[in-house]
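Trainee: I would like to see how this sequence folds:
(chains A and B)
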Number of protein chains: 2
Amino acid sequence: MRLEAISIGNELLTGDVLDRNATYLGQVAQRFGVCVSARQTIPDEEQAMVEAFQLAGSRADLVVVSGGLGPTSDDLTAQAAALFSGQPLRRDEVVLTRIKERFARSGRTFTENNARQADIPNNGIALNNPVGTAPGICLEYQGTVFLFFPGVHMEYVRFVDEEVAGRLRDHVGAPVRWKTLRTFGWTESAVAQALETMELGDEEWLQYRASFPEILVTIVVRGEDVDQAEERVAERCTEIRSILGPIVYGEGDQTLSAVIGQVLERLNYQIAVAESCTGGLIGHMITSTPGASAYFKEGVIAYSNQTKINRLDVSEETLAEYGAVSEETVREMVEGLCGRSGADVGIAVSGVAGPTGGTEQKPVGTVCWAIRVPGQPIKTRKIVFPGSRTRVTTLAAWSALESVRRACDSEAVGRG
Amino acid sequence: MRLEAISIGNELLTGDVLDRNATYLGQVAQRFGVCVSARQTIPDEEQAMVEAFQLAGSRADLVVVSGGLGPTSDDLTAQAAALFSGQPLRRDEVVLTRIKERFARSGRTFTENNARQADIPNNGIALNNPVGTAPGICLEYQGTVFLFFPGVHMEYVRFVDEEVAGRLRDHVGAPVRWKTLRTFGWTESAVAQALETMELGDEEWLQYRASFPEILVTIVVRGEDVDQAEERVAERCTEIRSILGPIVYGEGDQTLSAVIGQVLERLNYQIAVAESCTGGLIGHMITSTPGASAYFKEGVIAYSNQTKINRLDVSEETLAEYGAVSEETVREMVEGLCGRSGADVGIAVSGVAGPTGGTEQKPVGTVCWAIRVPGQPIKTRKIVFPGSRTRVTTLAAWSALESVRRACDSEAVGRG
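Mentor: Below is the predicted model:
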């Protein structure tokens, strides 16, 4: 089976945007043991599209095209597909109705240029897009199947899962199964090096993906049958977990905050946060999980010393003696936070996010945090993180949350 | 001038590695007003390379090829280039000496497979690589210049700077200038439709990019000279701003929070936030801008009613009568926030982020916010946003911040 990809969009050629769609297609194909044979990246120009379709059609069985299906005048993919296959465009009334309904549901006004998204080549089939307005299009031409998907990443991913994965599964005889483990704390090369000790069979392979600040490890297995493939995936996951230890915090689509939410709910704990340098990021992460109101008590974004004193009962003496970025201060922050709010679990973070504000003793990137978990003494840490303001605050938030997860995990184990 | 790129490497097709070289070439070319016309991404296979060289050679003036010049058996680019141009490979003794010297300098042992990197097509010229072992290769064939560079990003960047930038500068007569305006509040199609009224010249074009929740509009102008191009960009920006009105909040790389920070600093105002459904996102956005400590006073993440009462002085009666998600409650939240913290400007948000918790009267997506700006009455709003939890909270945070920006802007205008 020869699979090719075509990515459409000026922004992919000017370097303004990274082609995440191409990455995703490559990874999904790899799971079925198929390698994308070639990818053409072309501008939003009709002639360039037609030529790319001709070239891919001349040598591939399946061509996946991304982008150019939107409502604006530079969205020319459907038009080019019609020209390429020698068919006129037709307005698909079912699609048009869906688009209008979508606008109505979200309270937006339907404007006439949006009707263009219902125009598909006469010999093509519209593929329903449950998460956006532009439909996908399936077109068979001279023995090659063309799948046209919207370039919006979320929509593209959904179409690949729905339309491409099934075709690859049918093509590949032996069933392929996989699972992703999510890690935080080591670099990609450190994770890969640790896992080099695994003796993988011919039909087993590991994929790594860095998605700052996480490293995702996927074990892919091609088995004789579904049961055997799933069993081997489970065995390999146990092995990976035993090698990587506590840096594995979750699997599949689980976010760190969802994992923490589950632990808090199991322990019947409420959590509160006191954030200085992270400025609300930790609260935002925790509350991104649906249902967080069951265990998230409150947060105080204590950027100024005044707020640390007024709202968290930090003593002026501690601030004067040790400074706002100190283990002593974050300890008092978490004490004051839990004392006032009545939360069981508390996180307090203070640091120098940069790019300015560093000193010789406390350079940019210095972050202190304290965590409180019932039945355990308050823990404090101090670390200097490298990188930009965004990297420092992200690493600070993740590190503090990971401390809480591990402390709660051991508490949960202790309770049996 | 037609410029094409060819990226070689299985890892680029499997999705294991992002093509940073392609991004870099696109960005450098853009500076000279040249758009990369097409990019082919192909595996480490000789036949695929020859075909890609033929296709690019048939239509481009300059072809930049990345990868496949290393010492291992899957590095086949030089060999494929020789085959493509009908010339044998020759071992370049100058290059070989350089490679050997490089090994000696770094204390590594020279192994025979490294000599392969000195093999270049007979009609090609070796380009010195001061930061790695593999040389670049320049090959002219049937009117097209081919530049072959190593795939290692640092080496590739250096070759592009040395060999490509100069060629582009020589070729480009008319200078190209552009500016991006950032908008929030309308859909991409609504923005595009509004700007359809502009009468653009042949050497002017608009680019749109949706980067949720923003829509970016870029005006690109090719002028007779730099001054004229820049003047026309400025004129077009004024025109776009007058058509789009207040939905344009900034330009270039400015973030919404940076724009708000500038306004607050100009007015010498301090801001505080009280967040329920946004859970810290607004604080996180404001504090993402370096130097935010100059104007960000504090935040309270008031997820529970208890916190709204204890930390924001919301009355129990208001909560009982109107509920947590009401214009009455957010009004009291912002009053309590500014009263306690002494902040000049305040934002309070409360809503039903979903996916659960909606009622008939307050469906999922219902968000209320209140803003306080000195010299103006407190403003409250209630809107039902469509979409997922993430979309609702993002739209809520942006809408509230935009209200503050516009209110402060009018305050700044009022002050003259």
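
Trainee: element containing A:Ala38?
Mentor: Under the criterion of DSSP states H and E, A:Ala38 resides in strand A:36-42.

Trainee: What strands line up against that strand, and which way round?
Mentor: Paired with strand A:36-42 in the same sheet, following DSSP bridges, are strand A:3-8 (parallel), strand B:36-42 (antiparallel).

Trainee: and the last one, what's its mean pLDDT?
Mentor: It stands for strand B:36-42. The pLDDT scores in strand B:36-42 average 96.

Trainee: Over to the shortest one?
Mentor: Looking at strand A:3-8 alone, the average pLDDT works out to 97.

Trainee: that older thread, so which residues make contact with the strand holding A:Ala38?
Mentor: A:2-9, A:12-13, A:19, A:22, A:25-26, A:29, A:48-49, A:52, A:55-56, A:59-60, B:12-14, B:22, B:38-43, B:48, B:52 (Cβ atoms under 8 Å, 6 or more residues apart in numbering or on different chains). Every residue, glycine included, has its C-beta placed from N, CA and C.

Trainee: would you turn the strands paired with strand A:36-42 into JSON lines with mean neighbour count and distance to B:Gly279?
Mentor: JSON lines is the format used below for those (neighbours: other Cβ atoms under 10 Å in any protein chain shown; distance: least, Cβ to Cβ, whole Å):
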{"stretch": "strand A:3-8", "mean neighbour count": "25", "distance to B:Gly279": "35"}
{"stretch": "strand B:36-42", "mean neighbour count": "25", "distance to B:Gly279": "40"}
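
Trainee: quick one: which of those strands is nearest B:Glu224?
Mentor: The closest of the strands paired with strand A:36-42 to B:Glu224 is strand B:36-42. By Cβ to Cβ, the value is 23.7 Å.

Trainee: continuing past the closest one, what's the next helix or strand?
Mentor: Later in the chain than strand B:36-42, the nearest helix or strand by DSSP H and E is helix B:46-59.

Trainee: Give me the sheet partners of the next helix or strand after that next one and which way each runs.
Mentor: For helix B:46-59, the following helix or strand on the C-terminal side (DSSP H and E) is strand B:62-66. If you go by DSSP bridges, strand B:62-66 pairs up with strand B:3-8 (parallel), strand B:144-149 (parallel).

Trainee: so for strand B:62-66, what's the average pLDDT?
Mentor: For strand B:62-66, the mean per-residue pLDDT is 98.

Trainee: Please apply the same query to stretch A:120-127.
Mentor: Per-residue scores along stretch A:120-127 average to 96.

Trainee: One more: stretch A:149-160?
Mentor: Average pLDDT, stretch A:149-160: 94.

Trainee: Contacts for that stretch, please.
Mentor: With Cβ under 8 Å, 6+ apart as the criterion, stretch A:149-160 contacts A:7-9, A:20-21, A:24-25, A:28, A:64-70, A:127, A:129-132, A:134, A:136, A:147, A:163, B:210.

Trainee: Same question for stretch A:282-294.
Mentor: Stretch A:282-294 is touched from outside by A:255-258, A:260-261, A:265, A:271, A:273, A:275, A:296, A:299, A:301, A:347, A:349, A:397, A:400-401, B:275, B:277-281, B:283-284, B:301, B:303-304, B:353-357, B:389-390, B:393, with contacts defined as Cβ under 8 Å, 6+ apart.

Trainee: Am I right that A:Pro386 falls within a strand?
Mentor: No. Assessed with DSSP: H, G, I helix; E, B strand; the rest coil, A:Pro386 is coil; it does not lie in a strand.

Trainee: where in chain A is pLDDT low?
Mentor: Scanning chain A for pLDDT under 70 picks out the ranges A:414, A:416.

Trainee: hey, which helix is longest across it?
Mentor: Taking DSSP state H as the criterion, chain A has its longest helix at helix A:389-415.

Trainee: helices or strands up against that one?
Mentor: Here helix A:389-415 touches helix A:256-267, helix A:281-287, strand A:345-351, strand A:366-372, strand A:379-384, going by 3 or more Cβ pairs under 8 Å, 6 or more residues apart in numbering or on different chains; DSSP states H and E.

Trainee: closest one to A:Val314 among those?
Mentor: Comparing the helices and strands packed on helix A:389-415 under Cβ to Cβ, the one sitting nearest is strand A:345-351, at 9.3 Å.

Trainee: So is that closest one next to chain B?
Mentor: No. Using Cβ under 8 Å from any Cβ of the partner chain, strand A:345-351 stays clear of chain B, with a minimum separation of 11.7 Å.

Trainee: That strand pairs with which strands?
Mentor: Strand A:345-351 has its sheet partners listed here by DSSP bridges as strand A:271-275 (parallel), strand A:366-372 (antiparallel).

Trainee: Can you tell me which of those strands is most buried?
Mentor: Each of those was scored by mean neighbour count; the highest is strand A:271-275, a mean of 32, by mean count of other Cβ atoms under 10 Å in any protein chain shown.

Trainee: From the rest of the structure, what touches it?
Mentor: Residues contacting strand A:271-275 (Cβ under 8 Å, 6+ apart): A:260, A:264, A:281-283, A:286, A:295-302, A:312, A:333-334, A:336-338, A:341, A:343-349, A:404, B:280, B:283, B:301.

Trainee: Just the buried residues out of those residues, in ChimeraX syntax.
Mentor: The buried residues among those can be selected in ChimeraX (16 or more other Cβ atoms under 10 Å in any protein chain shown) with this line:
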select /A:260,264,281,282,283,286,295,296,297,298,299,300,301,302,312,333,334,336,337,338,341,343,344,345,346,347,348,349,404 /B:280,283,301
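
Trainee: Now do the same for A:Gln254: helix, strand or coil?
Mentor: The local conformation at A:Gln254, judged by three-state DSSP, is coil.

Trainee: So it sits against A:Arg182, correct?
Mentor: Yes. Between A:Gln254 and A:Arg182 a contact is recorded at 6.6 Å, counting by Cβ atoms under 8 Å.
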